Each structure stands twice: as structure tokens, then as C-alpha cells.
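In: sequence first, then the predicted structure:
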Amino acid sequence: MAGRAVLLIPHRGGAAVEGGLPGDYRKILAIVREAGGPVQVRAVGERLGLDASVHGKLEPLRVKMTKLAARGWLHKRGDGRFTARP
């Protein structure tokens, strides 16, 4: 869109629906929901098949999860773990 910024990850609420998120973000949300409680980035990375023993491999995932939290899809707790928003 010329002259307009388009959010790849929309803010939750209003007309935003989960189906409008990119596939990798939908997978992250599904994993966090299935956990049923607070989950660490490492656990999500393992479920996605990432090499969790290498810290640098998890950083892009951490950024995605933090972005989901900033947009209201997840909640980032003070201890760094994430939970799904109701």
C-alpha cells in the first residue's frame, strides 16, 4: 500500500482475527495455548523443532513471541515466560 504502513502482526481485538496472522505466528499461539500455563521460549522452540541448545537459534523466536505479546495475542510475564490471552 503506497504511503501506508501495514502491520504484519495486527493488534488483537476489533476486526483482527487469528487467521490473519502469518502461519509461523499461528503455530506459536497454538503451542502456547496447548501448554495450558506459562511456557518458556525454549519449550516453544523445541516443539517447533529448533535446536534449543544454541541460544542464538531461539532469539528470532523470542522476538516473535515478544511481538505477539506487544500486540495483545500473548502475555509476557515478569519471569520471561509467556501465556495465552483468554
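Out: It's in.
In: where do the strands sit along this protein?
Out: 74-76, 82-84 (DSSP state E).
In: and residue 50, which of these is closest to it?
Out: Smallest distance to residue 50 across these (CB to CB): 15.5 Å, for strand 82-84. C-beta here means a position set from N, CA and C on the backbone, and glycine is covered the same way.
In: what average pLDDT does the closest one get?
Out: Per-residue pLDDT over strand 82-84 has a mean of 96.
In: name the nearest residue to the residue positioned nearest the centre of the chain, ignoring sequence neighbours.
Out: By CA atoms, centre = their mean, the chain has its centre lying nearest to residue 65, at 3.2 Å. If the residues on either side of it in the chain are set aside, residue 65 comes closest to residue 82, at 5.5 Å by CB to CB, 6 or more residues apart in numbering.
In: residue contacts, that neighbour?
Out: 32, 38-41, 44, 65, 68-69, 74-76 (CB atoms under 8 Å, 6 or more residues apart in numbering).
In: let me have those in CSV, extended by pLDDT and distance to residue 23.
Out: Output for these, formatted as CSV (pLDDT from 0 to 100; distance: CB to CB, whole Å):
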residue, pLDDT, distance to residue 23
32, 97, 15
38, 97, 24
39, 97, 19
40, 97, 22
41, 96, 19
44, 97, 15
65, 97, 15
68, 95, 13
69, 96, 19
74, 96, 16
75, 96, 22
76, 97, 22
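In: wait, which of these is closest to residue 54?
Out: residue 41 (12.8 Å).
In: how many residues are close by the closest residue to the closest one other than its chain neighbours?
Out: Once flanking residues are discounted, residue 41 sits nearest to residue 62: 4.8 Å by CB to CB, 6+ apart. Neighbour count for residue 62, taken as other CB atoms under 10 Å: 18.
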